[in-house]
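**Q** Take a look and give me a structure for this.
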Amino acid sequence: MEDTGATLTPVWRANLALLTREVGAATRLARMMTFSASYMKLILSGQRDFSGEFVRGVEAVTGLPEGWMDLPHGADEVPEVARAAIGNETPHARFRGTAHPVRKPPVLRAEPIFGQKAAQRGDERAPGGQPHARMAGMRKIRDLAAQDVRKLERYLGVPPVEPAVLRARIEEVMAMIELDERVRADLAGRLEQIEKHRELLLRHVTKLHALLVRLGEDTGGSRS
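**A** Numbers count the residues shown, from 1 in each chain. Just a heads-up that it's a prediction; the model follows:
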């Protein structure tokens, strides 16, 4: 788990306990986060680690302000919006992430031995040295691009306004006013298209990420 996560884990777990202290709340929150109740209980009991992505997801799903989970709170400091969301099992957003902590790969730095630098300079001047350096540079930029694509995927998965909430509010407005049938159909159709194209765009972004991370790792992506 990342250093920040390791430091904040006790606070995160204590706040999760506050949010789920009522009978049945752990099960309801688990369903809201699309996890099994047994897995949520393992997290609460300390038998499973979890990621910062999961914590941000809890905030988004329950309507908590971003960063609320990072600070210690008392039982009377849980916002009513979060209590109501869990109590009624009405998520404010859809969580598509994972609870598993992301472990950083070990960074190994080998000190150069006598004569190694001269040998490396010779390798760079060798016929195959330049393509190798170009491929390493490509992979670095590819990884940055993949991170940006992942950010977009998460944004689409948990938008600032959930389409279902938007639909409910607009339909409430439509019910309060007499509308021409063409206008009503136009509004309903555009709502439907927003939901449809968001799901389609999310699938394209997910596929783009999967294709991008393979570039340079197989025969087809290694062509220069």
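**Q** Please tell me how far Met139 sits from Leu215.
**A** One thing to correct before we go on: residue 139 is Arg, not Met. 8 Å (CB to CB, to the nearest Å). (C-beta placed from N, C-alpha, C; glycine too.)
**Q** now the longest helix anywhere in the chain: mean pLDDT?
**A** Ranked by residue count and defined by DSSP state H, the top helix of the chain is helix 181-212. For helix 181-212, mean pLDDT rounds to 84.
**Q** can you give me how far it is from the chain middle?
**A** Between the centre of helix 181-212 and the centre of its host chain there is 20 Å, according to CA atoms, centre = their mean, to the nearest Å.
**Q** repeat for stretch 41-58
**A** Centre-to-centre, stretch 41-58 and its host chain are 14 Å apart (CA atoms, centre = their mean).
**Q** Repeat that for stretch 81-90.
**A** Here stretch 81-90 is found 21 Å from its chain centre; the criterion is CA atoms, centre = their mean.
**Q** try stretch 68-82
**A** That offset, for stretch 68-82, works out to 22 Å (CA atoms, centre = their mean).
**Q** Check stretch 144-156 too.
**A** On CA atoms, centre = their mean, the centre of stretch 144-156 falls 9 Å from that of its chain.
**Q** Name the surrounding residues that touch that stretch.
**A** The contact list for stretch 144-156 (CB atoms under 8 Å, 6 or more residues apart in numbering) reads 53, 96-97, 198, 201-202, 205-206, 208-209, 212-213.
**Q** Output these as TSV; include the columns distance to Glu80 and neighbour count.
**A** Below are the contacts of stretch 144-156 laid out as TSV (distance: CB to CB, whole Å; neighbours: other CB atoms under 10 Å):
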residue	distance to Glu80	neighbour count
Glu53	26	16
Arg96	26	14
Gly97	26	18
Arg198	29	14
Leu201	34	13
Leu202	31	17
Val205	35	19
Thr206	35	17
Leu208	40	15
His209	37	18
Leu212	42	17
Val213	42	17
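**Q** Looking at these, point me to the pair that's furthest apart.
**A** Arg198 and Val213 (23.1 Å; CB to CB).
**Q** Which of the helices and strands in the chain ranks last by mean pLDDT?
**A** helix 116-125 (a mean of 50; mean pLDDT, DSSP states H and E).
**Q** and the next element down the chain from that one?
**A** For helix 116-125, the succeeding helix or strand toward the C-terminus, using DSSP states H and E, is helix 129-157.
**Q** Quick one: mean pLDDT over that following helix.
**A** Rounded mean pLDDT across helix 129-157 is 78.
**Q** So if we follow the domain assignment, how does this structure break up?
**A** Using automatic domain parsing, the domain parsing of the chain gives 3-88, 127-217.
**Q** and the shortest one, what's its mean pLDDT?
**A** Per-residue pLDDT values over domain 3-88 give a mean of 90.
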